[in-house]
Each structure stands twice: as C-alpha cells, then as structure tokens.
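Participant: this is a predicted model, with the sequence first.
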Amino acid sequence: MSNGYKQVVVLMVEDNDDEAELALRELKKHNLANDLLRVKDGEEALEFIFGTGRYEGRDVESTPKVILLDLKMPRIGGIEVLKEIRKDERTRKIPVVVLTSSNEEKDIVDAYELGVNSYIVKPIDFQKFSNSIKDIGYYWLVLNKTVQK
C-alpha cells in the first residue's frame, strides 16, 4: 500500500534538534542523506516502523536500510524501541546503530543483548561528531550489505 510515504533509507530517532541538524548536515555534505526521516522520540519511531498512529497505513514491508537510534528520549526510550524492533519478524533484521551520549555500561550491555548492530557514544567535539556521522553513513549506507527481501 502506498499512501504517499516515500521509501525511507535512514530513520533517525533523535530528540535533540541541534544534534539532529548537525548529523543531517554532515550526511547531506557527503550525499548520504537521501530519503532520511527524522523522528523526535521513541513513540513516533514505533509508529513509523509499524505503520500506526501518525503513519497509519504506511507500507511496513518498506523498511529503512538503517536506524540511527538515540537512547535517552521522552515518552519511549531507545532501549524499548530496540526491544520492539527485535521481537517482530518484519523488523528484526533492520540494522540499528545506537548513537547516544550515554556511556553507561548498563545501556551498552542492554543494547547489545537486544541485538543492536553498533553502539556509538556521541563525541562532544564538533569535528569528531561530524567525522563520526560521516563514517556511520558511509559504512551503513555504502559498504554494508543487507539481506534482500
């Protein structure tokens, strides 16, 4: 079912406007931001992924190529989003990269136990953050091979 939602290659789940803008700018600079959708919290992320709420009727078979997931967000946090993604057969294989400011051992362990593909702590330094985003985009969107449906 096509209801006007284009194919989303990157789903960015980030509540911080400044960090989302920086990441988007860096991905665009390297032509890696085509078909990127940014949502501001875990609730909206789950609605998009599973075609409910604001995204009712979206073709859930059309999954993102990668999800960039913050952990510390309002409403529903990243760990809960990751749990929901991994327990559903339709979404279990989507690569998920945690991109967060949390360097807490519990968050890292929980994320890997739930099957996260990568866990990256956001650098505070602007240039390091820019380089990290560029590297993430290049690896997950250009180099990484995914399972074809």
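Facilitator: Done, it's in.
Participant: strands of the chain, start to end?
Facilitator: In the chain, the strands defined using DSSP state E lie at 10-13, 36-39, 66-69, 96-100, 118-121.
Participant: need these in CSV (columns: distance to Y112).
Facilitator: The C-beta positions use only the backbone N, C-alpha and C, and glycine is treated the same way. Formatted as CSV, these follow (distance: least, C-beta to C-beta, whole Å):
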stretch, distance to Y112
strand 10-13, 18
strand 36-39, 23
strand 66-69, 13
strand 96-100, 9
strand 118-121, 7
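Participant: and of these, who's closest to N131?
Facilitator: Across the strands of the chain, the minimum distance to N131, taken as C-beta to C-beta, is reached by strand 118-121, at 11.5 Å.
Participant: can you give me the helices for this protein?
Facilitator: In the chain, helices defined by DSSP state H lie at 17-29, 42-50, 78-87, 105-113, 126-138, listed in chain order.
Participant: tell me which of those sits most buried.
Facilitator: Comparing the helices of the chain on average neighbours per residue, with mean count of other C-beta atoms under 10 Å, the densest one is helix 42-50 at a mean of 22.
Participant: that one vs helix 78-87, what angle?
Facilitator: 20 degrees (axes from the mean of the first three to the mean of the last three C-alpha atoms, to 10 degrees).
Participant: and helix 42-50, what does it pack onto?
Facilitator: In this structure, helix 42-50 packs against strand 10-13, strand 36-39, strand 66-69, helix 78-87, with contacts taken as 3 or more C-beta pairs under 8 Å, 6 or more residues apart in numbering; DSSP states H and E.
Participant: can you list those in a markdown table and add mean pLDDT and distance to T146?
Facilitator: Listed next are the helices and strands packed on helix 42-50 as a markdown table, based on pLDDT from 0 to 100; distance: least, C-beta to C-beta, whole Å:
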| stretch | mean pLDDT | distance to T146 |
| --- | --- | --- |
| strand 10-13 | 94 | 13 |
| strand 36-39 | 93 | 17 |
| strand 66-69 | 95 | 9 |
| helix 78-87 | 97 | 15 |
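Participant: in a markdown table: those, plus distance to H30.
Facilitator: Listed next are these as a markdown table, based on distance: least, C-beta to C-beta, whole Å:
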| stretch | distance to H30 |
| --- | --- |
| strand 10-13 | 12 |
| strand 36-39 | 12 |
| strand 66-69 | 15 |
| helix 78-87 | 25 |
